[in-house]
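Enquirer: heads up, no residue letters with this:
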Ligand code: KG4
Ligand code: ZN
């Protein structure tokens with residue numbers, strides 16, 4: 001059977017709509033919200049308003065790009081959570097009314113599971129290697145840092161998590177300290193390419209089990225820079241590249257240590273990464289190297305599916321659609337993690 005799914009993502013500051021044809025993407029439209037740039041972070045109320053302005057044009061563009069009419073859709077999948085409630089409400093309300101108007105099923109999707117399931121989006125040729133079950137996924141974004149054991153499309157267990165800040169937050173906060181624009185992750189990645197990763201050393205936390213902590217790193221980065229600025233007011237400007245490279249290496253080292261421990265503990269050797277921070281070049285490099293060294297089968301998402309997008313919501317919706325796992329119209333969004 002041929003199935004068309006509309007995916008809607010509105011959990012943070014990207015309004016996105018995607019059209020999926022079985023497990024292939026026909027359109028993945030993303031409207032970024034530039035309104036937050038001058039505040040150095042996402043302002044929730046402004047995000048909700050921008051989603052309201054963007055959602056109809058974004059869905060319309062997705063349908064046109066895919067070359068299908070809305071009547072051809074089989075289901076509407078949307079992000080139910082976690083995320084900003086006001087933002088989620090826009091996508092949820094739109095998805096409900098669109099599905100109701102078209103008399104097609106509504107499918108609710110967990111944003112963090114969707115980041116992982118993006119690995120199952122097939123390319124045009126149909127030759128993309130996808131993970132087998134079980135596999136491990138290090139899910140690293142602006143709000144979450146988790147090691148997840150995936151037993152099936154919908155059967156996932158979080159076996160490690162951050163006890164404070166997320167990895168993406170560590171990048172963003174360090175960038176803010178250096179006066180770089182938001183989001184800071186891509187900026188640090190870019191600057192790090194010209195820097196020396198061994199120039200500065202930052203402490204790594206000692207956290208038991210498979211859990212993470214990044215707030216200590218942020219604080220030591222802040223204090224280190226504050227002290228250096230007292231000696232040289234141009235310290236940041238003169239050392240931006242090496243500060244970025246050293247910080248990036250520290251964050252990725254912390255992530256890789258726990259991921260390696262998770263692989264050893266579970267005996268699972270299929271290892272994936274997902275979420276915005278999986279776009280990071282040092283992260284991709286270290287995972288590839290560790291894969292070669294440890295004999296892991298490594299899965300790195302296509303760049304366009306790393307940061308928030310509706311294609312991942314549509315593929316997660318597709319697997320639920322096949323199981324007839326539909327939502328009812330009284331479904332409400334949730335701000336915090338569900339699994
Ligand atoms: O998955 P995502 O788009 O949104 C959330 O669900 O949070 O992740 C956004 C996070 C931000 O913290 C951003 O700085 C980070 O991903 N990010 C990166 C890179 N690209 C995005 N961090 C490091 N290096 C990158 N290249
Ligand atoms: Zn995300």
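Expert: Received the coordinates, thanks. Keep in mind that what you see is a predicted model, and the values were worked out from it rather than measured. Ligands and ions are numbered 1, 2, ... in the order given.

Enquirer: which residues sit in contact with the residue minimising distance to the centre of the chain?
Expert: Closest residue to the average C-alpha location of the chain: residue 275 at 2.5 Å, with CA atoms, centre = their mean. Applying CB atoms under 8 Å, 6 or more residues apart in numbering, we find residue 275 in contact with 112, 115, 139-141, 144, 168, 306-307. Every C-beta, even on glycine, is put in place using the N, C-alpha and C of the backbone.

Enquirer: mind redoing it with 10 Å?
Expert: 111-112, 115-116, 118, 137-146, 166-168, 301, 305-308, 312 (CB atoms under 10 Å, 6 or more residues apart in numbering).

Enquirer: same check, this time on residue 82
Expert: Residues in contact with residue 82 (CB under 10 Å, 6+ apart) are 11-12, 88, 110-112, 143-144, 333-339.

Enquirer: what about the nearest residue to residue 184 once chain neighbours are set aside, is that helix, strand or coil?
Expert: Distances taken as CB to CB, 6 or more residues apart in numbering place residue 175 nearest to residue 184, at 2.1 Å, with adjacent residues excluded. Of the three states, residue 175 takes helix according to DSSP: H, G, I helix; E, B strand; the rest coil.

Enquirer: quick one: residue 175 from ligand 2, how far?
Expert: Note on residue 175: its distance to ligand 2, by CB to the ion, to the nearest Å, is 18 Å.

Enquirer: Need the per-residue pLDDT for that residue.
Expert: On pLDDT, residue 175 comes in at 97.

Enquirer: In ChimeraX, select just the buried ones from the contacts of residue 82.
Expert: Filtering the contacts of residue 82 down to the buried ones (16 or more other CB atoms under 10 Å) takes a single ChimeraX command:
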select :11,12,88,110,111,112,143,144,333
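
Enquirer: In the contacts of residue 82, which has the lowest confidence score?
Expert: The lowest pLDDT within the contacts of residue 82 belongs to residue 338, with 65.

Enquirer: Leaving out sequence neighbours, find the closest residue to the residue in the stretch 201-339 of the chain positioned nearest to ligand 2.
Expert: Of all residues in the stretch 201-339 of the chain, residue 308 sits closest to ligand 2, at 4.4 Å by CB to the ion. Nearest residue to residue 308, sequence neighbours excluded (CB to CB, 6+ apart): residue 14, at 4.5 Å.

Enquirer: so what's the one you found up against?
Expert: Residue 14 neighbours (CB under 10 Å, 6+ apart): 30-33, 42, 47, 50-51, 54, 58, 87, 307-310.

Enquirer: coming back round to it: quick check: pLDDT value at the residue nearest to the residue nearest to the centre of the chain when sequence neighbours are not counted.
Expert: Distances taken as CB to CB, 6+ apart put residue 141 closest to residue 275, at 3.6 Å, once the chain neighbours are dropped. Per-residue pLDDT puts residue 141 at 96.

Enquirer: again, but for residue 192
Expert: Note on residue 192: pLDDT of 98.

Enquirer: Which parts of the stretch 1-150 of the chain are strands?
Expert: Along the stretch 1-150 of the chain, counting by DSSP state E, counting those that start in this stretch, strands occupy 4-9, 14-21, 24-32, 75-81, 106-110, 135-140, 145-150.
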